[in-house]
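1. just the structure for this:
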Amino acid sequence: MNGRRLLIILALAVSASTVFAAASSAVGELVFSPASNDFGSVQAGQSSSSQTFTITNQSGSDQSVDPSGVTKTGSDPTEFALSNDTCATAGTLADQGTCSVEVIFSPDAAGNFSAELDVTTGGGASVLGSATVSGTGTPAPAPGIDVSPNAWDFGNHKVGTPADTKDFTVTNTGNADLHISGTISVTGTGFTGPSNDGCSGTTVAPGDSCSVTAGFNPSAAGDATGTLSIPADIPASVQLTGKGTVPIASPGAAVSFAAGIGKSQNKPVTLTNTGDAELVISGTPTLSGDASFSNPMTGSCGNAHLAPGASCQTNIIYSPTTNAAASGQLTFTDDSNSNPGSHQSIDLTGTVLLPGIQSTPTAQAFADLAVGRLSTRKVITVKNTGGDDLHVTGFAITGINPGSFVLGNNSCDSAIAPGATCTVNVRFGPVKTGNRIANLIVHNNAGPDQKVSLTGHGVAPADVANSRGAAGCTDARFTWADPDGAGFASVRLVRNGRRFPRSPGDGASVRHRPGVALDTAPRQFHTYYYTLFAMYRSWDGKRMVPARGIDIRIRTGRVCTPRNNSLIADLTPKVDWVAYPHTRSYAFILQRGGTTIDVRYVAKSSYSIPRSWRYNHSTHSLVRGGDYTFYLYAYTRAHPRGVSIGQTRFTERSN
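-> Numbering: from 1, shown residues only. Below you'll find the predicted structure:
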């Protein structure tokens, strides 16, 4: 405040009312010198040199000064310290009187600071004078610390296998020496170090660095954490992380093999690494157990290194030589769970596949068939019910009547796969009449021979039909109808003097024409046995098969014609006979169906039956289809009343 201003204030004060003048004295102006001061830059925590401020009362009158002296106000009063404040002890500062105070700038931090110095009236009612102070706090010299890297993850590492070590660089980033007062340490399970320690107990100048090394060698599986601790003026630490991993050898399920004897089956056996570290397989997997298993040393498991999740396979061959079941083991040697020399085994089982056989049907019945004929084919199906190829090594027909059955073609020459079938044909060709029994034998490699029962009934071929034998005096006439049968060849008429012929060769063969024969060999008054055999060629043409035969017995007699039991077409036949010794006359009785239709006496040894005649008051004649009997009698001295000397029966054809 200048003098002119003070004078104006004083003039104003003098002209004030007497009341105001009585209450207080006029307020003057106290002037600080210097009015402001910039302490400049002072290091934080340090103090500047003191600056003395002189306060002069230029008010023109005495001023009452607050006993507290100079006070600090403004933005940063605490950064400035006051001392030797004489204004506090003055009480009243006389006009043009002075007091003083010393000010020191003591920044506690870096930055720009300012404050106001005030002198107030008693009680601080008003400010009598003020000054400003300022200064800049500058940082105090201090070390800084930076660790690079400030955190480190060693990643995944197999238990027992150390990771690559890591160097950590400690740099003093401050402007004062960095003192590493103790020993750097590494803590945490699996973490190692420090090594290559160039930092513990050293002083690192500003801008300089040192280094220390840490490592990771996991001893257990799982996540791991550790700390690299640096004891220094400014302690620092580095977070360390890593994970211990282990391989886990997981053998596959037991492997089952199945093959037929003399065959082989090749299957892979698998080992998988289900862990999170590389699995190392030592050498080649070893095979033990049954000799039907073999290891051809092929596959991918020998000395293999399997990444997590990877697998390898070893090929095993099963080659059974017997029916016995087989078992074995394939063993791997590796470092499962990080334990070198661990063993994992996979069980092997072997089942022998055998063929099976089933014949359908198991019994085959044929319809009745004439001897010498061959039936239609009957199909026998052979099925492989097993698990290996079935080989049918042959077929045979055996049993009681094997010759009555014929083995046909078959489709069983090649191997029959499991579930597949083949067929064989069989026919019935009876060589004799009656029940025929045999077995179809199927030779095979599945076990006992298969047996299929074969049955059939042989019947005799058809005989001739409508056979008739008529005997005369010294001959016999035969008629018949040939059979209508498959394979029929001819008829054989055989004569035997003692019995009916038992076969076509049992007696004398009588020559004949088709359907009729006249045998002139017989002698009069003799009995002869004839059989008509219908002859058939066998189905294979190798033999002739006779029918049972039709037996005809005849006896030659006295009447020559019509022959006894003959069938004639003449309605006026001549009946003649061989003369009876010493006969004076003959008589005959002619009957039809047991009724006498004529009686005559004749002198000669013959009689021609007329077309009609009268007998017993009726007219008679021979008719078609009639059966007649002619009874002949002779009258001699010895038999004056007559004696029967012969007869003949004949039948008139009906058309």
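
2. doesn't Thr89 lie inside a strand?
-> No - the assignment for Thr89 by DSSP: H, G, I helix; E, B strand; the rest coil gives helix, which leaves it out of any strand.

3. for it, which non-adjacent residue is spatially closest?
-> The shortest distance from Thr89 to any residue other than its chain neighbours is 7.6 Å, reached at Gly69 (CB to CB, 6 or more residues apart in numbering). Where you see a C-beta, it was placed from the backbone N, CA and C, and this is true even at glycine.

4. spit out the contact partners of the one you found.
-> With contact taken as CB atoms under 8 Å, 6 or more residues apart in numbering, Gly69 is in contact with Leu82, Asp85, Thr86, Cys87, Ala88, Thr89, Cys99, Val101, Val119.

5. what distance do you get for it to Asp85?
-> In this structure, Gly69 lies at 4 Å from Asp85, with CB to CB, to the nearest Å as the measure.

6. would you mind listing the residues touching both of the two?
-> Overlap between the neighbourhoods of Gly69 and Asp85 consists of Cys99, Val101, taking contacts as CB under 8 Å, 6+ apart.

7. may I ask which helix or strand of the protein has the lowest mean pLDDT?
-> Ranked by mean pLDDT, DSSP states H and E, the helix or strand of the chain with the weakest confidence is helix 18-23, at a mean of 29.

8. correct me, but Gly215 touches Gly188?
-> No - at 11.3 Å, Gly215 and Gly188 do not qualify as touching, with contact defined as CB atoms under 8 Å.

9. need the strands for the stretch 451-600 of the chain, in chain order.
-> Taking DSSP state E, counting those that start in this stretch as the test, the strands found in the stretch 451-600 of the chain are 465-471, 476-481, 488-496, 508-510, 516-519, 527-537, 544-546, 550-555, 559-561, 566-568, 574-577, 585-592, 595-602.

10. out of these, which gets nearest to Gly434?
-> Ranking the strands of the stretch 451-600 of the chain by proximity to Gly434 (CB to CB) places strand 544-546 first, at 14.2 Å.

11. identify each buried residue in the closest one, please.
-> Neighbour-count burial for strand 544-546, counted by 16 or more other CB atoms under 10 Å, picks out Met544, Val545, Pro546.

12. again, but for stretch 458-465
-> Of the residues in stretch 458-465, Gly458, Ala460, Pro461, Ala462, Asp463, Val464 count as buried by neighbour count, 16+ other CB under 10 Å.

13. swap in stretch 270-282?
-> For stretch 270-282, using 16+ other CB under 10 Å, the buried residues are Thr270, Leu271, Thr272, Asn273, Gly275, Asp276, Ala277, Glu278, Leu279, Val280, Ile281.

14. go on, stretch 293-311?
-> By neighbour count on 16+ other CB under 10 Å, the buried set for stretch 293-311 is Phe293, Asn295, Gly299, Ser300, Cys301, Ala304, Leu306, Pro308, Ser311.

15. how about stretch 584-595?
-> Taking 16+ other CB under 10 Å as the neighbour-count basis, stretch 584-595 is seen to contain the buried residues Tyr586, Phe588, Ile589, Leu590, Gln591, Arg592.

16. swap in stretch 528-538?
-> Using 16+ other CB under 10 Å as the test for burial, stretch 528-538 gives Tyr528, Tyr529, Tyr530, Thr531, Leu532, Phe533, Ala534, Met535, Tyr536, Arg537, Ser538.

17. now the buried residues of stretch 270-282 as TSV including secondary structure and pLDDT?
-> Formatted as TSV, the entries for those read as follows, by DSSP: H, G, I helix; E, B strand; the rest coil; pLDDT from 0 to 100:
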residue	secondary structure	pLDDT
Thr270	strand	95
Leu271	strand	94
Thr272	strand	97
Asn273	strand	94
Gly275	coil	92
Asp276	coil	91
Ala277	coil	92
Glu278	coil	92
Leu279	strand	95
Val280	strand	96
Ile281	strand	95
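
18. need the residues you listed in JSON lines (columns: distance to Thr136).
-> Supplementary listing: those in JSON lines, determined by distance: CB to CB, whole Å:
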{"residue": "Thr270", "distance to Thr136": "78"}
{"residue": "Leu271", "distance to Thr136": "76"}
{"residue": "Thr272", "distance to Thr136": "72"}
{"residue": "Asn273", "distance to Thr136": "68"}
{"residue": "Gly275", "distance to Thr136": "65"}
{"residue": "Asp276", "distance to Thr136": "60"}
{"residue": "Ala277", "distance to Thr136": "61"}
{"residue": "Glu278", "distance to Thr136": "63"}
{"residue": "Leu279", "distance to Thr136": "68"}
{"residue": "Val280", "distance to Thr136": "68"}
{"residue": "Ile281", "distance to Thr136": "74"}
